[in-house]
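what follows is a predicted structure for the sequence shown.
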Amino acid sequence: MNHQIMKISPELLEMMGSKLPNSLQPFSREIFLLDIVVAGTSYCKKIDKVYPKLEKGLVLRMQRHPKNRHDEHAIGIYFERIRIGWVPRELNLIISRLMDAGKAFFCRVEGVELVNDYWVKIDAKIYMVE
């Protein structure tokens, strides 16, 4: 058995500290919570660029926006660094409180549809990482 101390790369450290689904978390699991339609996609200025990249199974990041002037419980949904929409207001209260308490969440795309040539409808599932 080799008892040498190995160097840990910055990439490995980042994976170990990440709360995203494919990170190195011991005994973690994904807990399905809600089916949603991502709200506000029409307000995303880059939705035309992002839309073709959104495929079933793609993981989207969720981020709290407690200083949002329209909704103090707002949760943005992100593809890479682009906010493509929001968790619907009528469904975000409990998740926002759990996020504020340190719980990690993510969305997984279930389907994408262009409706009436202008609205990108994104169906997604919200999961909590435990």
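It's in. What you are looking at is a predicted structure, and each value in this text was computed from that prediction instead of being measured.

all strands of the protein, in order?
With strands called from DSSP state E, the chain shows them at 30-37, 59-64, 75-79, 82-86, 104-115, 119-129.

pairing partners for the first one, with directions?
Strand pairing for strand 30-37, using DSSP bridges, gives strand 119-129 (antiparallel).

what comes up buried for the partner strand?
Of the residues in strand 119-129, those with enough neighbours to count as buried (16 or more other CB atoms under 10 Å) are Val120, Ile122, Ala124, Ile126, Tyr127, Met128, Val129. For glycine as for every other residue, the C-beta is placed from the backbone atoms N, C-alpha and C.

show me the shaky parts of the protein.
Counting by pLDDT under 70, the chain shows low-confidence ranges at 1-27.

chain neighbours aside, what residue packs nearest to the residue nearest the centre of it?
Among the residues of the chain, the one closest to the centroid is Arg61, at 2.4 Å (CA atoms, centre = their mean). For Arg61, ignoring the flanking residues on the chain, the nearest one in space by CB to CB, 6 or more residues apart in numbering is Tyr78 at 4.3 Å.

any idea how far apart the tips of stretch 34-51 sit?
According to CA to CA, to the nearest Å, stretch 34-51 extends 22 Å from its N-terminal end residue to its C-terminal end residue.

which residues touch that stretch?
Taking CB atoms under 8 Å, 6 or more residues apart in numbering as the criterion, the residues outside stretch 34-51 that touch it are 77, 79, 82-89, 91, 95, 107, 110, 112, 114, 118-126.

can you tell me which of the strands of the chain is nearest to Lys53?
The closest approach between Lys53 and any of these, judged by CB to CB, belongs to strand 75-79 at 6.9 Å.

re earlier: the residue nearest to the centre of the chain touches Phe106, doesn't it?
Yes: the pair formed by Arg61 and Phe106 meets the contact definition of CB atoms under 8 Å, at 6.4 Å.

just to revisit the earlier point, need the strands of the chain in CSV (columns: distance to Lys46).
Compiled in CSV, these are given as follows (distance: least, CB to CB, whole Å):
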stretch, distance to Lys46
strand 30-37, 19
strand 59-64, 14
strand 75-79, 9
strand 82-86, 5
strand 104-115, 15
strand 119-129, 11
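
nothing else from me, thank you.
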